[in-house]
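# could you look at this predicted model? Sequence included:
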Amino acid sequence: MMRHRLYILVEGPDDERFFRHVLQPHLESTHQSVRIVTYSQRPRKRLEALLKGIHAEGADYIYVCDINSCPCVTARKETVTASVSGLKESQMVVVVPEIESWYLAGVDDESGRALRLRPPVDTNSITKEAFNSLIPQRFSVRTDFMVEVLKSFSLAPCAGMPRSPISFADSGSAKSERVAQTRES
């Protein structure tokens, strides 16, 4: 059975690009539609109104954020839910440490050679700054490099990584399944 519409709320354009290319196709197989919405430029009141509208529509949502300077995922969820009315911790996914780590998680040996990039074995510690330092000189614009990474992105290198795009795809489907079951009860 196809589930309701799924909204994925992401911070900014790098997150949106990643989710649109890598995860949206996977999630569209289990949802009527998947809509990716950026929230970093929205005033808090508009974000809260969006969440209220999603709930009224009977749709599912997943709110994605980076861990930033919080000491743990739980602390980050508590910090964000305290500042955004209507946001539920159970509908949040915290990327550790930042979305750039997920871009590199999908670079296999072959695409790494083609990009002239040697990605770290463990991408869970990749920050924006570390990511930027790995960009080959032939890319004068960071976004161009990110697009090239996505062209050859593979979920295979992510297998077994506890904090990876695969774990998001699995938890994203599970989160919206729990919401659908709660609605049907």
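Thanks, I have it.

# strands along this protein, start to end?
With strands called from DSSP state E, the chain shows them at 6-10, 34-38, 60-66, 92-95.

# does anything pack onto the shortest one? Which helices or strands?
Going back to what we said before, that points to strand 92-95. Contacts defined by 3 or more Cβ pairs under 8 Å, 6 or more residues apart in numbering; DSSP states H and E place strand 92-95 against strand 60-66, helix 73-83, helix 165-184. From N, CA and C alone the C-beta is placed, and that goes for glycine too.

# and the nearest residue to Asp15 once chain neighbours are set aside, what pLDDT?
Nearest residue to Asp15 in three dimensions, chain neighbours excluded: Ile99, at 4.8 Å (Cβ to Cβ, 6 or more residues apart in numbering). Per-residue confidence at Ile99 stands at 90 (pLDDT).

# Met1 too?
So, for Met1, pLDDT stands at 53.

# again, but for Val95
Looking at Val95, its pLDDT reads 86.

# thought it was touching Ser101?
Yes - applying Cβ atoms under 8 Å, one finds Val95 in contact with Ser101, separated by 7.2 Å.

# on that earlier part again, quick one: the residue nearest to Asp15 and Ala105, what's the gap?
Here Ile99 is placed at a distance of 10 Å from Ala105 (Cβ to Cβ, to the nearest Å).

# same thing with Ser152?
Distance of Ser152 to Ala105, given as Cβ to Cβ: 13 Å.

# which of the two has more neighbours?
Using other Cβ atoms under 10 Å as the criterion, Ser152 and Ala105 rank with Ala105 on top: 24 against 14.

# per-residue confidence at that one?
Reading off the model, Ala105 has pLDDT 88.

# looks like Val73 contacts Val95 (just checking).
No - counting by Cβ under 8 Å, Val73 sits too far from Val95 to count as a contact (9.7 Å).

# domain assignment for the protein?
Domain assignment for the chain by automatic domain parsing gives 6-98+162-184, 100-158.

# would you single out the least confident of these?
domain 6-98+162-184 (a mean of 85).

# how far does that domain sit from its chain's centre?
From the chain centre to the centre of domain 6-98+162-184 is a distance of 7 Å (Cα atoms, centre = their mean, to the nearest Å).
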